[in-house]
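A.B. asks: here is my input, please return the structure:
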Amino acid sequence: MNRPTNQIKAATNISFSSNFTPKFLIKLDPALSSKPKTLLFKIQSSSPNSSSSPIQTLISILRSIPEWADRVQERGMKKKRTLYNHEEWARHRSSLRHVRHLLSSLSSRVILSLVPPVLFFTTFAAAIASYNSVVLMHWLPEFFPALRASSLPYQLTAPALALLLVFRTEASYSRFMEGKKAWTKVIAGTQDFVRQVMAGVENPCDMSIKKALLQYITAFPVALKCHVLHGSDLRGDLQHILDIDDLAIVANSKHRPRCLIEFISQSLRQLKLEESRRNILESKISCFHEGIGICEQLMGTPIPLSYTRLTSRFLVLWHLTLPIILWDDCHWIVVPATFISAASLFCIEEVGVLIEEPFPMLALDELCKKAHRDIQEVIATESLIQAQVAAKRNSHSTKHSPNGWPKS
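C.D. replies: Just a heads-up that it's a prediction; the model follows:
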């Protein structure tokens, strides 16, 4: 009598551990190539002393797929974007881009994140088609009805669903553009601030403070980037920009960008400048405050949740009833039809959700590195440019007399 029970327990003792990882799984999840001895889906085993039931094991198996899809999506969110150059733009508009995009579908985090909903609705459509087929073959009692309905409700509600998806994606893209414009202003403001400091601070006694001030200004975009991107390494990004003591204070502060603004303000007060020049330099800090405000607003305030929930519920109800609506016209074709519809519409909704948080979509690391390189180049060539311009002025003064007539 114990043998069937032991067989059931042995069947629920599932652990996908192997020394071999199939190539198609590596394509789906590149992280598997670094861990070939353990596959991603691992279910807790059921021992005779375990309190887990087969239902709990089934739930854990069903949860493993969305959890895997979420991990793929979160790794994609942390992926660093790159700035486009001429070669990237040529590849972007290449006539072979459609083939390249199709072949890279299995590595797309947007598509992989759609595996749970698309798989669920396709399976549900197959279940509805199987049930209707069994009913039509009279394998069930007559009181089991076939699940079918008129397509008129779908014809009436399709424009509403289209408008919901369009407005949802448009609202997310507006947030993306707002974040992009905010960072454009921050980078441009940083470079202009550096130019003003280099041109306005000429007192030899202020050279050490000037150097520190340039470091604080250069470090601000990096600190703001680490503030808006989860999992950023502030110390690693700023270790080559700030001194060790300054970096310790910034890293231990609760709000790193505002701490750097305080460093900038205190440095400006220590400079021996005319009041008008000091006011001009202090006015440049407003650009940093504005950038912090916009970034924190976008981080803390998503698109109204009622709108997001309405779109999600509409999509779910639409695809739950789609096999019933299409049965009379399509029969078993409802399964691929549901797959195509779910993959298309949920993909549009997924893109809207991804770009709703704009900062992981922007190449902030590359922007900060490029701004740092440009500032370092300007600082390095400052003395050379000054000497060149001074030489031109001296050459001009030697060729002309004070009254403006050429010398003989």
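
A.B. asks: and residue 59, how far is that from residue 53?
C.D. replies: As judged by CB to CB, to the nearest Å, residue 59 and residue 53 stand 9 Å apart. To be clear about C-beta, it is placed using only N, CA and C from the backbone, and glycine gets the same treatment.

A.B. asks: likewise residue 386?
C.D. replies: In terms of CB to CB, residue 386 sits 79 Å off from residue 53.

A.B. asks: tell me the domain boundaries of the chain?
C.D. replies: Domain assignment for the chain, taken from automatic domain parsing, gives 1-60, 110-396.

A.B. asks: need the winner for burial among those domains.
C.D. replies: Most buried of those by mean neighbour count (mean count of other CB atoms under 10 Å) is domain 110-396; its value is a mean of 16.

A.B. asks: give me the helices and strands touching the helix or strand hosting residue 376, please.
C.D. replies: In the assignment (DSSP states H and E), residue 376 maps to helix 364-399. Here helix 364-399 touches helix 152-200, helix 207-228, going by 3 or more CB pairs under 8 Å, 6 or more residues apart in numbering; DSSP states H and E.

A.B. asks: in CSV, list the ones you listed along with mean pLDDT.
C.D. replies: Listed next are these as CSV, based on pLDDT from 0 to 100:
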stretch, mean pLDDT
helix 152-200, 93
helix 207-228, 94
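
A.B. asks: could I get these in a markdown table, plus columns for distance to residue 146?
C.D. replies: What follows is the helices and strands packed on helix 364-399, written out as a markdown table (distance: least, CB to CB, whole Å):
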| stretch | distance to residue 146 |
| --- | --- |
| helix 152-200 | 18 |
| helix 207-228 | 54 |
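
A.B. asks: pick out the shakiest of the domains of the chain, pLDDT-wise.
C.D. replies: Here the lowest mean pLDDT among those goes to domain 1-60, at a mean of 45.

A.B. asks: from residue 72, how far off is the nearest residue to residue 302 once chain neighbours are set aside?
C.D. replies: Nearest residue to residue 302, sequence neighbours excluded (CB to CB, 6 or more residues apart in numbering): residue 356, at 6.0 Å. From residue 356 across to residue 72, the span is 18 Å (CB to CB).

A.B. asks: so which residues of the chain form strands?
C.D. replies: Assigned by DSSP state E, the chain shows strands spanning 15-17, 38-42.

A.B. asks: how near is residue 347 to residue 172?
C.D. replies: Counting by CB to CB, the gap from residue 347 to residue 172 is 14 Å.

A.B. asks: kindly report the same for residue 359.
C.D. replies: Distance from residue 359 to residue 172, counting by CB to CB: 13 Å.

A.B. asks: over to residue 275?
C.D. replies: 46 Å.

A.B. asks: try residue 245
C.D. replies: 42 Å.

A.B. asks: cool, residue 260 as well?
C.D. replies: According to CB to CB, residue 260 stands 30 Å off from residue 172.

A.B. asks: what's the burial count for residue 63?
C.D. replies: 12 (other CB atoms under 10 Å).

A.B. asks: now do it, the pLDDT please.
C.D. replies: For residue 63, the pLDDT comes out at 80.

A.B. asks: got a list of what it touches?
C.D. replies: Residue 63 is in contact with no residue at all, counting by CB atoms under 8 Å, 6 or more residues apart in numbering.

A.B. asks: kindly check the end-to-end length of stretch 103-121 for me.
C.D. replies: Criterion CA to CA, to the nearest Å; first-to-last residue distance in stretch 103-121 is 24 Å.

A.B. asks: show me how far it is from its chain's centre.
C.D. replies: Its chain's C-alpha centre and that of stretch 103-121 lie 17 Å apart, by CA atoms, centre = their mean, to the nearest Å.

A.B. asks: same check, this time on stretch 234-247
C.D. replies: For stretch 234-247, the distance to the chain centre is 25 Å (CA atoms, centre = their mean).

A.B. asks: stretch 284-292 too?
C.D. replies: A distance of 23 Å separates the centroid of the chain from that of stretch 284-292, by CA atoms, centre = their mean.

A.B. asks: show me the contact partners of that stretch.
C.D. replies: Against stretch 284-292 from outside (CB under 8 Å, 6+ apart): 182-183, 185-186, 189, 192-193, 196, 220, 224, 227, 257-258, 261, 264-265.

A.B. asks: what's the farthest-apart pair in these?
C.D. replies: The most widely separated members of the contacts of stretch 284-292 are 196 and 227, with 24.2 Å between them, by CB to CB.

A.B. asks: next up, phi/psi of residue 147, please.
C.D. replies: Backbone torsions for residue 147, taken as degrees, to the nearest 10, come to phi -90, psi 100.

A.B. asks: nearest spatial neighbour of it, skipping sequence neighbours?
C.D. replies: Once flanking residues are discounted, residue 147 sits nearest to residue 324: 4.8 Å by CB to CB, 6+ apart.

A.B. asks: cool, thanks, talk later.
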